[in-house]
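>>> I need the structure of the sequence given here:
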Amino acid sequence: MESLNTAQRERKKGRVRAKMELVNEKTLVIRELPFGVTTESLIQSIQDAVNKKTHSNLPPSTISPPIKLKSS
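So this is what the prediction gives:
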């Protein structure tokens, strides 16, 4: 928090990121989202990132990463 306060005093933008954990190469657990980020926008962002990493000759239906969101 001290660095965020310092950034605000210096009139710089502080960026709050989601808290996440990489369980294995196929599982990413997102623990907390920053204020103003919705689960819908997060899912869309993940889908966009996956689509950018795919080969252009594959049909989109062959790529369906499982995304499970649970509220605690």
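>>> show me the contacts for the nearest residue to residue 32 once chain neighbours are set aside.
Spatial nearest neighbour of residue 32, excluding adjacent residues (CB to CB, 6 or more residues apart in numbering): residue 19 at 4.3 Å. C-beta here means a position set from N, CA and C on the backbone, and glycine is covered the same way. Residue 19 makes contact with 30-32, according to CB atoms under 8 Å, 6 or more residues apart in numbering.
>>> Now rank those residues by neighbours and give me the top one.
Neighbour tally across those (other CB atoms under 10 Å): the maximum, 16 neighbours, falls on residue 30.
>>> The helix or strand where it lies packs against which elements?
Here residue 30, judged by DSSP states H and E, is contained in strand 27-32. Applying 3 or more CB pairs under 8 Å, 6 or more residues apart in numbering; DSSP states H and E, one finds that strand 27-32 makes contact with strand 19-24.
>>> Quick one: work out the angle between the lengthiest helix in the chain and strand 27-32.
Ordering each helix of the chain by length in residues (DSSP state H) puts helix 39-53 first. Helix 39-53 runs at 150 degrees relative to strand 27-32, counting by axes from the mean of the first three to the mean of the last three CA atoms, to 10 degrees.
>>> Which strands or helices does helix 39-53 pack on?
Packed against helix 39-53, as judged by 3+ CB pairs under 8 Å, 6+ apart, are no other helices or strands.
>>> switch the cut-off to 10 Å
For helix 39-53, the packing partners by 3 or more CB pairs under 10 Å, 6 or more residues apart in numbering; DSSP states H and E come out as strand 27-32.
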